[in-house]
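**Q** how does the following fold in three dimensions:
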Amino acid sequence: MSRVGMNPVSVPEGVNVTIADGAVTAKGKLGELSYGFTEDVDVAMKDGLITVTPKSESKQALAMWGTIRSQISNLVNGVAEGFSVDLEINGVGYRAAVQGKSLVLQLGYSHNIDFPIPEGITIKCAKPTELTVSGADKQQVGQVAANIRSFRKPEPYKGKGIKYVDEYILRKEGKKK
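**A** The predicted structure is shown next:
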């Protein structure tokens, strides 16, 4: 049984939520997002709280109860505050820069990598070795950050590559003489 699903989602000021035709739509200062949910659960809004309840005691309904509640919570938080992921670039000569609508990465290859920034995502480079990926959609922000990281994953010997700021790289010892 889901314990996450029991908690209602509170709607902050400045966010308009509508529930119609099996979809939840939220509008806020960072844009508009919508999420379609299954027929296994009921979604209702009352007094600024969104509640999700399963229609039956089936395994599918109970599984979707917490999942849909989490998705709606991410939807509401995304249009109100947004989400961000911080990346760190380690390595001699490794750097990043935002040029127009693309991210230019120099990661030790013979060529630069031009990564087009998707719609709804903003990328900031405070330093050439620090990136911040932010946006309203939590899934899209995480996917873009994972795509950027995949260009040069951190290696275990010197730690060179792109890593999340809160990621710990398990280091290996080099050759011994």
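**Q** so I148 sits in a strand?
**A** No - counting by DSSP: H, G, I helix; E, B strand; the rest coil, one finds I148 to be helix, located in no strand.
**Q** got a list of what it touches?
**A** Counting by CB atoms under 8 Å, 6 or more residues apart in numbering, I148 touches L87, L103, L105, F115, L131, V133, I162. Every residue, glycine included, has its C-beta placed from N, CA and C.
**Q** name the helices or strands packed onto the longest helix anywhere in the chain?
**A** Identified as the longest helix of the chain according to DSSP state H is helix 59-80. Where contact means 3 or more CB pairs under 8 Å, 6 or more residues apart in numbering; DSSP states H and E, helix 59-80 is packed against strand 9-10, strand 23-28, strand 31-36, strand 41-46, strand 49-54, helix 138-149.
**Q** test my guess that G93 contacts Y109.
**A** No - if you go by CB atoms under 8 Å, G93 and Y109 don't touch, sitting 10.6 Å apart.
**Q** comparing those two, which shows the higher neighbour count?
**A** For G93 versus Y109, neighbours defined as other CB atoms under 10 Å are more numerous around Y109 (10 against 7).
**Q** the spatially most distant residue from the centre of the chain and K27: what is the separation?
**A** Residue farthest from the centre of the chain, counting by CA atoms, centre = their mean, is K177 at 44.9 Å. Plainly put, K177 is 64 Å away from K27 if you go by CB to CB, to the nearest Å.
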